[in-house]
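J.: everything below, folded, please.
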Amino acid sequence: MGTTGTTGTTDKNGNQLQHRKLGNSAVEVAPLAFGGNVFGWTADEATSFSLLDKFVDAGLNLVDTADVYSRWANGNKGGESETIIGKWIKQSGKRDKLVIATKVGMDMGDGKIGLSPAYIRRAVEDSLTRLQTDYIDLYQSHTDDKNTPQEETLHTYGELVQQGKVRLIGASNFGADRLEEARKLSREHGYPLYQTLQPEYNLYSRADFENNLEQYCLKEKIGVINYYSLASGFLSGKYRSEKDLGKSTRGGKTQSYLNPRGLRILDALDAVAARYDSTPAAVALAWLIARPSISAPIASATTLEQMDALIAATRLSLDAAAISQLDQASAP
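T.: Next comes the predicted model:
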């Protein structure tokens, strides 16, 4: 959950950022995660390095990636994002400045898929090699694997924690029942607990998380690092009509948001941004950061200007009136 920790970081300008604990662990993160899905896809290596430099210089530390990023791009095979992060770590020498979250389980081709013990043991070594590190801070099940008993997966994660290769484990795209079952098994058998959950959640896509997962995460003190925090860029205000959809490679994904409710949300973001002399993107992220259940929303950037908007969100404290305005405009 969004529990403040006892420490924080200070950026190059002396701004203090209060850290939040990931679940019930000792790992603390700044209140915004950088989505590494763009590395090796819409951000080349040089751009990725400059984005990581700016992110860390701003006092932020959580970078979320996955072994499968960005297999979907032409010419890619998976592992590109982790490889770029690893090269940046080697060049910068700033491994200690990052909390690295990566994932396993999505289809990497050649039968490399799922959460079986044999595959996890193989996949974690591949990720460690690409990341050029000897430990992963947060290793996440990318999606539920109904073909592998959860006991087997959790037991394997326990081995990796004992070996020092993984600090914490988390779940991505899990339903409440399966997450609860996994945590029950961990308590019964002494396996590591899933300390984090990574669901889709943003001002537009609210209902599933709020109705099915949020209260459980609050009760269990599970850290939430939600993805699609800006609804594939829609909440940045970049896409306001059909003609805007060609502005980026992700534009087509936002077409479903172009409806009366989506435009109402943009109007509210515009109004709040004007009042705070900010941007819709920063306001949308600040709304998430302010929510008690959220540890750190994940957002991506492909330019330094976009990164400025992400950083600005961590400096923006919305008042109750602004949060209420956004809540009402985005009510499911």
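J.: quick one: the helices in the stretch 151-300 of the chain, in order.
T.: In the stretch 151-300 of the chain, the helices defined using DSSP state H, counting those that start in this stretch lie at 176-189, 207-212, 214-220, 260-276, 280-289.
J.: go through those and name the closest to Asp319.
T.: helix 260-276 (9.2 Å; C-beta to C-beta). C-beta: built from backbone N, CA, C; applies to glycine.
J.: what packs against the closest one?
T.: In this structure, helix 260-276 packs against helix 280-289, helix 320-329, with contacts taken as 3 or more C-beta pairs under 8 Å, 6 or more residues apart in numbering; DSSP states H and E.
J.: what does that helix rub up against?
T.: With contacts defined as C-beta atoms under 8 Å, 6 or more residues apart in numbering, helix 260-276 is touched by 203-204, 234-235, 237, 240, 278-280, 282-284, 316, 318, 322, 325-326, 328-330.
J.: redo that, cut-off 7 Å
T.: With contact meaning C-beta atoms under 7 Å, 6 or more residues apart in numbering, helix 260-276 is reached by 203-204, 234-235, 237, 240, 279-280, 283-284, 316, 322, 325-326, 329-330.
J.: I figured Tyr204 hits Leu230, correct?
T.: No - look at Tyr204 against Leu230 with C-beta atoms under 7 Å: they stay out of range, at 9.5 Å.
J.: which one's more surrounded, the two?
T.: More crowded of Tyr204 and Leu230, by other C-beta atoms under 10 Å: Leu230, with 29 against 24.
J.: and the more buried one, what pLDDT?
T.: For Leu230, the pLDDT comes out at 96.
J.: ok, Leu62 next?
T.: The model reports Leu62 with a pLDDT of 98.
J.: hey, what's it bridged with?
T.: Per DSSP bridges, the residues bridged to Leu62 are Ala33, Val99.
J.: among the contacts of helix 260-276, which one lies nearest to Ala30?
T.: Of all the contacts of helix 260-276, Ala30 sits closest to Leu316, with 13.8 Å by C-beta to C-beta.
J.: next, count neighbours for the closest one.
T.: 21.
J.: equivalent analysis for the one 4 residues further on, please.
T.: A count of nearby residues for Ala320, using other C-beta under 10 Å, gives 8.
J.: how close does it sit to Trp287?
T.: 12 Å (C-beta to C-beta, to the nearest Å).
J.: do Met108 as well
T.: Distance from Met108 to Trp287, by C-beta to C-beta: 35 Å.
J.: neighbour count winner among those two?
T.: Neighbour comparison, Met108 and Trp287: the larger count goes to Trp287, with 27 against 19 (by other C-beta under 10 Å).
J.: quick one, what contacts the residue lying closest to the more buried one once chain neighbours are set aside?
T.: Spatial nearest neighbour of Trp287, excluding adjacent residues (C-beta to C-beta, 6 or more residues apart in numbering): Leu326 at 5.1 Å. Applying C-beta under 7 Å, 6+ apart, we find Leu326 in contact with Leu203, Ala268, Val272, Trp287.
J.: burial check on the residue lying closest to the second one once chain neighbours are set aside, number of neighbours?
T.: Translated: Ala268. Distances taken as C-beta to C-beta, 6+ apart place Ala329 nearest to Ala268, at 3.5 Å, with adjacent residues excluded. Ala329: 18 surrounding residues under other C-beta under 10 Å.
J.: ok, now how distant is Ala329 from Asp145?
T.: When Ala329 is compared with Asp145 (using C-beta to C-beta), they lie 38 Å apart.
J.: how many neighbours does the nearest residue to Pro199 once chain neighbours are set aside have?
T.: Excluding the flanking residues, the one nearest Pro199 by C-beta to C-beta, 6+ apart is Phe209, at 5.1 Å. Close neighbours of Phe209, defined as other C-beta under 10 Å, add up to 20.
J.: thanks a lot, see you next time.
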